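1. show me how the following folds:
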Amino acid sequence: MAEAKPTLTEWRKLYHAAIRLKEIAPWQWMTEADIFGVQNPETRSGAIFMPQLQVSLFSCDARQAMQ
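-> Just a heads-up that it's a prediction; the model follows:
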């Protein structure tokens, strides 16, 4: 089964998110001790990252993680 191609709206959202990431410049203030996570607002799935490990610690469904 072929995956759906991103729409123009989805590309715009990604582009604006990249601009925002550049604006907040986390590489200037985050340290190796910081831990951060990201979450897909539509599926509520996400990942937690630990830069000192240089990998994603794990991916999870946020609803399961909060139970």
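2. contacts and neighbour counts: CA atoms only from here.
-> OK.
3. so who does the most centrally placed residue in the chain touch?
-> Central residue of the chain (CA atoms, centre = their mean): residue 38, 3.6 Å from the mean position. Residue 38 is in contact with 46, 47, 48, counting by CA atoms under 8 Å, 6 or more residues apart in numbering.
4. pick the one among these closest to residue 33.
-> Using CA to CA, residue 48 is the member of these that lies nearest residue 33, at 13.2 Å.
5. now that closest one, nearest residue through space, not along the chain?
-> Nearest non-adjacent residue to residue 48, counting by CA to CA, 6 or more residues apart in numbering: residue 37, 4.1 Å away.
6. can you give me the strands for this structure?
-> With strands called from DSSP state E, the chain shows them at 36-39, 45-50, 55-61.
7. ok, the second one: who's next to it in the sheet?
-> So that's strand 45-50. Using DSSP bridges, the strands paired with strand 45-50 are strand 36-39 (antiparallel), strand 55-61 (antiparallel).
8. now residue 5: how far from residue 11?
-> Per CA to CA, to the nearest Å, residue 5 is found 10 Å from residue 11.
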